[in-house]
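K.L.:
sequence first, then the predicted structure:
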Amino acid sequence: MDITTGIGLAAGVIVIATLILMGGDFRMFYDVHAVIIIGGGSLAATLIRFPMVAMLHGLPLGMKFAFTMRSTTSRELVDEIAGLAEIARKQGPVGLEKVETEDAFLAKGIRFVADGYDADFIRDNLERDRDNFLTHLDEGQKIYRAIGDCAPAFGMIGTLIGMVQMFANMTDPSKLGPFMAVALLATLYGALVANLFCLPIADKLHVKLVEEEVNRTLIIDGILMIRESKSPTLVREMLLAYLPESHRHEAAEPVPA
Amino acid sequence: MDITTGIGLAAGVIVIATLILMGGDFRMFYDVHAVIIIGGGSLAATLIRFPMVAMLHGLPLGMKFAFTMRSTTSRELVDEIAGLAEIARKQGPVGLEKVETEDAFLAKGIRFVADGYDADFIRDNLERDRDNFLTHLDEGQKIYRAIGDCAPAFGMIGTLIGMVQMFANMTDPSKLGPFMAVALLATLYGALVANLFCLPIADKLHVKLVEEEVNRTLIIDGILMIRESKSPTLVREMLLAYLPESHRHEAAEPVPA
Amino acid sequence: MDITTGIGLAAGVIVIATLILMGGDFRMFYDVHAVIIIGGGSLAATLIRFPMVAMLHGLPLGMKFAFTMRSTTSRELVDEIAGLAEIARKQGPVGLEKVETEDAFLAKGIRFVADGYDADFIRDNLERDRDNFLTHLDEGQKIYRAIGDCAPAFGMIGTLIGMVQMFANMTDPSKLGPFMAVALLATLYGALVANLFCLPIADKLHVKLVEEEVNRTLIIDGILMIRESKSPTLVREMLLAYLPESHRHEAAEPVPA
Amino acid sequence: MDITTGIGLAAGVIVIATLILMGGDFRMFYDVHAVIIIGGGSLAATLIRFPMVAMLHGLPLGMKFAFTMRSTTSRELVDEIAGLAEIARKQGPVGLEKVETEDAFLAKGIRFVADGYDADFIRDNLERDRDNFLTHLDEGQKIYRAIGDCAPAFGMIGTLIGMVQMFANMTDPSKLGPFMAVALLATLYGALVANLFCLPIADKLHVKLVEEEVNRTLIIDGILMIRESKSPTLVREMLLAYLPESHRHEAAEPVPA
Amino acid sequence: MDITTGIGLAAGVIVIATLILMGGDFRMFYDVHAVIIIGGGSLAATLIRFPMVAMLHGLPLGMKFAFTMRSTTSRELVDEIAGLAEIARKQGPVGLEKVETEDAFLAKGIRFVADGYDADFIRDNLERDRDNFLTHLDEGQKIYRAIGDCAPAFGMIGTLIGMVQMFANMTDPSKLGPFMAVALLATLYGALVANLFCLPIADKLHVKLVEEEVNRTLIIDGILMIRESKSPTLVREMLLAYLPESHRHEAAEPVPA
């Protein structure tokens, strides 16, 4: 569970709710026109922009990954894989059958090794999995960003429609107020959807994308080394060498020489 | 038929129509001044920006390709070409004469092989075709994007012209409303043309451009291998190797080793 | 004559004139303050930005090239140069003396060959000519773009000056209208100068720049090959090989092998 | 102490305070709604955007480094390290034990050498330290920039909320003023937070980041050369060669040959 | 003297003064609040952004170089250096002692040669001079650009402060005008400072920076060749070869072969 995404969203809702309640009630800030134009307009533009398949995969995957977090760092993953290499060395591939692991991608790789699949097949299958996953996560990021980019424009469109209706029907200037309030709601909704939801989510997905690419490539390399019965020490060292600088030292304990 | 482009446009129209009808009628939102400035201004700026030939080819081609979709994925195309190689091997080039295929570009290539044209000629002719096609599709994308970029500016120009006329003739402030409503319509039209139509279309054309470049290059390579009577297995494997990562595994069925 | 630039500008003027006439008369849209701030402000900022020599060359050259068009495509140019190589081969350099050609740059090169100048001198002289020309055309493009970028800012400055004067003198709110109309004219002028004139012209000049670089380099290479009495077929083939992909096939007629 | 950051912030506060006092009192410019939306909204969006660990390290580190300044230039650092090499050469590593230095990073390196740690361990440990430090400083810079980018948007959101409440409750237009004043405060707060605080701080942190990378890498190289008992002259020359052009000559006194 | 910078600034002042005088008097456009927020705010943000030393060197150097112009082009410089090589060859380094030159950087180099300094020392000293100079000119450019970027934001902040005070004190709507006029002055000042002064100056400094880098490097190379008593013809040819394409032909007179 990526707790900051949830806390951030909750904080955003609380801030807005507090402001609204301090100055009146919620009904004043609900307007079905604004919901239709922001939701419908963004949906329409996104449908034109992206292929259907990208939306069906990208939106839910993005939402899921914005809120979940790897329970293990890259560094812990290296330790876990080195541990598996130990088991595979001592008990043979069969020993991996009873191993349980939280990471579904790693679990799949272990099962392949335990079932004795050929190295080429394991590599092909896992790489295809990783590539599909990264493609969909990237699509998710792009879709959230595209919505964040066009929502304020649809907010402005909604406000313009409201203002045209208001001005066209205007006979008594003193009634202008409530109409104006409603017209402004579309702009408000658009700004909130973009700045409090879509753009921060897209930014977080970008971070996750980089992270998952490192971790899944690391798992594939580790699984293949286990398949070839490499020694745990070698597995550990080669995987650490693979990590980018900033990940490598994450949990390393300096030991005096 | 690229169904999401159509659905997206329809959704956009329905959303705007719903909003308008909820607050009055359509006549309030039709203004000939706004149509003239958005249509005429964008046309004028686009005429200055692009050569005539680019507009005549790019605009209709872009419109067509935003709405149509390859019936076959890259992966299915490889299978189809491998099938053709099989036929050419067994029955000779003549066997290709009776083959029917949906893709016009592939069909042209098959006809060339069946008619026994020289490999150099086939390559030159098909590459020229592909390049012309991609150039025109790219021009189409650029034109839609240019219109999407300048339409909001012309909307603002239209609104400014309307406001100047309104303020200049203003004697009774109570009549300001309807004039203001009309002036705002130009801004509204400009925002709709850009955000609901031109910019999403340009984005989709960019995706199509990348896709068509991959597919047409793949077809050219495949046709030339058929011309040289390469074995279907080899054709299949070489074309798969040619595909970019994300396309390669699209439909691959993992088979246990 | 680059007809689309002219048509585009005429269309823009007609669109704006139509809108103005539909709502009143022209006098309402002429304001000497707005002319001074847009013209004077843009001129002042451009003078600070660019060296004097760049402005004197770039502005008129840009204006000229936005409206003129090569009568010959790159492909026709290759044919014409191959024809000249034929003449030079048969009749010697002297035969080129009577040749007439539309392109002034090509004509200069032909005269050099006919007059028997040394190859190094011809190359140096023509390359210097080409580089000077391209530098000035590029300066022209940059100046139009800079004006297009700052004109809206000066429009806003003009409107702010007008509004300050209006508000400062305001005693009777009912007289606010005509003053406001005049103040808005500066913003309108700035938006028109930028979006209907300067930015599209700058975009077209960029296209012309790329085109002229290809053509003039092609002419230099061709002239030097004629100087060395290369065979027309060789000249043709080497120049075609030189053309970028998209230009090469422009007019090529596919001939069955 | 980086005095300009402090002076700049103080100057900003004085300028704003002067303007406010010239036109009334402070109470007019304090609004709890505006504080909530700018503070709360920016916090919420930043929580979604960045992992918790990045915020906990980056924000305080950034704040600290925006206000502190290296007491020594790169050039003086080279002199100091050369001096240490002199001591190490004459008295052996033990001589370094009594050395005192202002720079904590350099001090750590000296202690390692004095304690006789192995070169590999020293390099690993110091490089890890440097990388962690630079990563956190970079995170700090990104967080301040992200807040600077979204604060104006939350200012607009706050103003929109205020205006909706104002228009919705509006019965007497003469009371519009004070409500409008309060609504505008959110936009004002957002603009001040971004332009007077976050964006300039992010820019300064970027400068510091480049500087610290140069200096800490220089210290690591110097410490390792001292560990290997290189001669002070050699240490000095190699470190100077390492410095980027602009740093190298900083304090060099030209001496006639 | 770079005459266009001066003419441009004068033209800008005249344009603004004309507009102001056409609609009233200057007092209407002077407001101490606007001066404080634009001047003070930009100063404060710039102090936070840049180190003190960069501001002390960059601002005056930038101002000086925006208004001054090399009296000699790169091409004339080559001729002058070739002439000096001639003198040095005929009369020995001592002959250079009496030479007078306008360019202070060239003069320094000549003096070094005349005084018989060692080549390494001359190179080191002149390169350090050139690098320091270019660094400061670049800082100047960045500071003017940073001020040009933030001045409009401080203009908006000033206007917001003015509007908050106006609305808060508003009891009689008929008095709104003069207050509004004053509030708008900050936005006007910010736009003028950015668009008529800082951004064009920064653009011109960028051109000067490129020019000075070419010229000073050319002078260093020339001085070193004179030091080594190279022949004037060789000096001339090597320096011309060094010039970038566009500079090389500046004043070259084509001579028939």
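P.N.:
Looks like it came in fine.
K.L.:
all helices of the stretch 151-257 of chain A, in order?
P.N.:
Ranges of helices in the stretch 151-257 of chain A, per DSSP state H, counting those that start in this stretch, are A:176-192, A:199-227, A:232-242, A:245-248.
K.L.:
same deal with the stretch 1-150 of chain A?
P.N.:
So, for the stretch 1-150 of chain A - with DSSP H, counting those that start in this stretch - the helices run A:3-22, A:32-49, A:52-67, A:74-91, A:104-114, A:119-169.
K.L.:
dump those to a markdown table, plus mean pLDDT and distance to residue A:241.
P.N.:
Where C-beta positions appear, they are placed from N, C-alpha and C, glycine not excepted. Below are the helices of the stretch 1-150 of chain A laid out as a markdown table (pLDDT from 0 to 100; distance: least, C-beta to C-beta, whole Å):
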| stretch | mean pLDDT | distance to residue A:241 |
| --- | --- | --- |
| helix A:3-22 | 90 | 31 |
| helix A:32-49 | 92 | 41 |
| helix A:52-67 | 86 | 28 |
| helix A:74-91 | 88 | 10 |
| helix A:104-114 | 90 | 20 |
| helix A:119-169 | 90 | 19 |
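K.L.:
could these be laid out in CSV, adding mean neighbour count?
P.N.:
Listed next are the helices of the stretch 1-150 of chain A as CSV, based on neighbours: other C-beta atoms under 10 Å in any protein chain shown:
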stretch, mean neighbour count
helix A:3-22, 17
helix A:32-49, 22
helix A:52-67, 18
helix A:74-91, 19
helix A:104-114, 19
helix A:119-169, 21
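K.L.:
switch those over to a markdown table; also include distance to residue B:75.
P.N.:
Formatted as a markdown table, the helices of the stretch 1-150 of chain A follow (distance: least, C-beta to C-beta, whole Å):
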| stretch | distance to residue B:75 |
| --- | --- |
| helix A:3-22 | 36 |
| helix A:32-49 | 24 |
| helix A:52-67 | 14 |
| helix A:74-91 | 32 |
| helix A:104-114 | 23 |
| helix A:119-169 | 12 |
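K.L.:
tabulate these in a markdown table, adding columns for distance to chain C.
P.N.:
Output for these, formatted as a markdown table (distance: least, C-beta to the nearest C-beta, whole Å):
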| stretch | distance to chain C |
| --- | --- |
| helix A:3-22 | 32 |
| helix A:32-49 | 23 |
| helix A:52-67 | 30 |
| helix A:74-91 | 44 |
| helix A:104-114 | 43 |
| helix A:119-169 | 16 |
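K.L.:
for residue B:145, which of those is the nearest?
P.N.:
Closest to residue B:145 of these is helix A:32-49 (C-beta to C-beta; 12.6 Å).
K.L.:
please name every helix or strand in contact with the closest one.
P.N.:
On a contact count with 3 or more C-beta pairs under 8 Å, 6 or more residues apart in numbering or on different chains; DSSP states H and E, helix A:32-49 meets helix A:119-169, helix A:176-192, helix B:3-22, helix B:199-227.
K.L.:
swap in 10 Å and give it another go.
P.N.:
Helix A:32-49 is packed against helix A:52-67, helix A:119-169, helix A:176-192, helix B:3-22, helix B:199-227, with contacts defined by 3 or more C-beta pairs under 10 Å, 6 or more residues apart in numbering or on different chains; DSSP states H and E.
K.L.:
chain center to the second one: distance?
P.N.:
By that I understand helix A:119-169. Relative to its chain's centre, helix A:119-169 lies at 12 Å (C-alpha atoms, centre = their mean, to the nearest Å).
K.L.:
tell me what angle that helix forms with helix A:199-227.
P.N.:
Counting by axes from the mean of the first three to the mean of the last three C-alpha atoms, to 10 degrees, helix A:119-169 lies at 170 degrees to helix A:199-227.
K.L.:
does chain B have contacts with helix A:119-169?
P.N.:
Yes. Applying C-beta under 10 Å from any C-beta of the partner chain, one finds helix A:119-169 in contact with chain B at A:119-122, A:124-125, A:127-129, A:131-132, A:134-135, A:138, A:142, A:146, A:149-150, A:152-154, A:156-169.
K.L.:
the residues you listed: which ones sit near chain D?
P.N.:
Restricting the residues of helix A:119-169 next to chain B to contacts with chain D (C-beta under 10 Å from any C-beta) yields A:152, A:159.
K.L.:
coming back round to it: what's the closest of the helices of the stretch 151-257 of chain A to chain C?
P.N.:
Evaluated with C-beta to the nearest C-beta, the helices of the stretch 151-257 of chain A place helix A:176-192 nearest to chain C, the distance being 16.2 Å.
K.L.:
surely residue A:7 and residue D:47 touch.
P.N.:
Yes. With contacts counted by C-beta atoms under 10 Å, residue A:7 reaches residue D:47, the gap being 5.5 Å.
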